[in-house]
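K.L.:
my questions concern the predicted model and sequence given below.
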Amino acid sequence: MIKKPGLADKATDQRNNPNAVVFAGDGEPQIPQSVVARITGLLRSDKLQPDTYSIGGSVEILESRIAQELGMEAAIWMPTGTLANQIALRHHCGTKSRIVLQEQSHIYHDEGDALVKLSGLNAIPLAYGRPYFSVNELRQALKEATSGRVLNHVGAVSIESPVRRQAGQVVPWNEMQSITKLCHDQGIPVHLDAARLYMMSAATGINVKKYASLFDSVYVSLYKYFGAPFGAILAGPHQFIENMFHDRRMFGGGLPSSYLSAALALEGMNGFPDRFDESFNKAKALFKIINKLPDIEIRKFQNGSNIFELLLTKNINTDQLINNLLNFDIVIPETKNDWPVPLIHINTTILRKPNSEIAKAFSNAIRESIEPA
């Protein structure tokens, strides 16, 4: 018996459709055909420069470019963001054992207690179930670290922004300034886990260099929207980055050939700010149109980035709406356990269709998704 394709299978097919608007993820879906075509183009234009165990070649060109764009003295390529975060905090702390971070952060929830298992560092989580902690909460945590019977100085503070587990909400600029000033006044280095830094910059209007200027180190992802299959960049002062490749290799991250990923990221960075600005402006205009339709609202978070809530009245069957939109080459991710309503992600696939066509698709899909009385 042949199994009929379900909603998930249909959505996967549409994600790989080069004409589909995919309201899921931060970047355009990368399929084998498009990746091979991009690599072929890079080869023809002599933009593939081999490295030696992630040193030199296209990797070095990428490191220099991002360091310059962030206003940092140096940068180093890492195979994953997890490794970038771990090595950064390990270096910052030295002999001090405490790290303050958000309870909802990737480092605390999704890196397998690597801080304590691999580096003997103790994570102090703040802001349970919230995107960020306040400067007053941090001040209290710093006080507690030095008021016990045994002193346990904080070696570093980590801030993730946007926060993936909180639907991409960002740490407000004023709070970020206050937190980093307190840390620097007390001689505590601050790390920015900003996998989506360039996208956050487009959403808030704050330049990436301005964000980076507050921090002692910054991590940026290369695969989320630059089109690389993997990779990350960790940037900071020369003294901080110098010889860090030894630690990278110690943790198994000195890959023998990283230039393909680096070259793809370099290509993906070209024109990205302008494309994402255009995507955001188009989304704002589109949502105004959609929000005039019955039974639906696309709502922005107060401190949101590129993720919006899709709110439907009880008159609409959510699964049916998602399925109907797939028929119009529009992908909406299904509701997940970590968020109560569907989330719409803005990325550059929104540029594939005119707003009038997308809005008409929503209108038709809503009409066909009304629950029977």
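P.N.:
The structure has been received and is ready for your questions.

K.L.:
helices of the stretch 151-300 of the chain, residue ranges please.
P.N.:
Using DSSP state H, counting those that start in this stretch, the helices found in the stretch 151-300 of the chain span residues 173-185, 197-204, 208-212, 238-241, 244-250, 259-269, 272-290.

K.L.:
off-centre distance for the fifth one?
P.N.:
Between the centre of helix 244-250 and the centre of its host chain there is 24 Å, according to C-alpha atoms, centre = their mean, to the nearest Å.

K.L.:
ok, now the second one?
P.N.:
On the basis of C-alpha atoms, centre = their mean, helix 197-204 is displaced by 10 Å from the centre of the chain it belongs to.

K.L.:
what angle do helix 259-269 and that helix make with each other?
P.N.:
Using axes from the mean of the first three to the mean of the last three C-alpha atoms, to 10 degrees, the inter-axis angle of helix 197-204 relative to helix 259-269 is 10 degrees.

K.L.:
quick one: name whatever helix or strand follows the helix or strand encompassing residue 68.
P.N.:
If you go by DSSP states H and E, residue 68 is part of helix 57-70. The first helix or strand that comes after helix 57-70 along the chain, using DSSP H and E, is strand 74-78.

K.L.:
that next one pairs with which strands, and in what direction?
P.N.:
According to DSSP bridges, strand 74-78 forms sheet pairs with strand 232-236 (antiparallel).

K.L.:
what count of nearby residues applies to residue 205?
P.N.:
Neighbours of residue 205 under the rule other C-beta atoms under 10 Å: 10. Bear in mind the C-beta positions are built from the backbone N, C-alpha and C, glycine included.

K.L.:
next one: phi and psi at it?
P.N.:
phi 80, psi 10 (degrees, to the nearest 10).

K.L.:
what pLDDT does it get?
P.N.:
At residue 205 the predicted local confidence, pLDDT, stands at 94.

K.L.:
how far away is it from residue 262?
P.N.:
To residue 262, residue 205 is 29 Å away according to C-beta to C-beta, to the nearest Å.

K.L.:
hmm, back to that, turn the helices of the stretch 151-300 of the chain into a markdown table, including mean neighbour count and distance to residue 16.
P.N.:
Converted to a markdown table, those look like this (neighbours: other C-beta atoms under 10 Å; distance: least, C-beta to C-beta, whole Å):
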| stretch | mean neighbour count | distance to residue 16 |
| --- | --- | --- |
| helix 173-185 | 16 | 37 |
| helix 197-204 | 23 | 22 |
| helix 208-212 | 19 | 30 |
| helix 238-241 | 15 | 38 |
| helix 244-250 | 15 | 33 |
| helix 259-269 | 23 | 18 |
| helix 272-290 | 16 | 20 |
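
K.L.:
and the pLDDT at residue 18?
P.N.:
Note on residue 18: pLDDT of 88.

K.L.:
so it makes contact with residue 329?
P.N.:
No - judged on C-beta atoms under 8 Å, residue 18 makes no contact with residue 329 at a distance of 9.9 Å.

K.L.:
which of these two has more residues huddled nearby?
P.N.:
Neighbour totals were compared for residue 18 and residue 329, and residue 329 leads with 18 against 12 (other C-beta under 10 Å).

K.L.:
how about that one: what's its closest non-neighbour residue?
P.N.:
In space, and not counting its chain neighbours, residue 329 is closest to residue 20: 4.3 Å by C-beta to C-beta, 6 or more residues apart in numbering.

K.L.:
pull the contacting residues for the one you found.
P.N.:
14, 329-331, 349, 352 (C-beta atoms under 8 Å, 6 or more residues apart in numbering).

K.L.:
hang on, the earlier thing: buried set for the helix holding residue 68?
P.N.:
Under the neighbour-count criterion of 16 or more other C-beta atoms under 10 Å, helix 57-70 has 57-63, 65-67, 69-70 buried.

K.L.:
go on, stretch 310-329?
P.N.:
310, 312, 316-317, 320-326, 328-329.

K.L.:
which of these sits closest to residue 172?
P.N.:
Checking these against residue 172 with C-beta to C-beta, the nearest one is residue 310 at 24.1 Å.

K.L.:
check the burial of the closest residue in space to residue 163 that isn't next to it in sequence by counting its neighbours.
P.N.:
Of all residues not flanking residue 163 in the chain, residue 131 sits nearest, at 4.6 Å (C-beta to C-beta, 6+ apart). Summarising burial for residue 131: neighbours were counted as other C-beta under 10 Å, giving 24.
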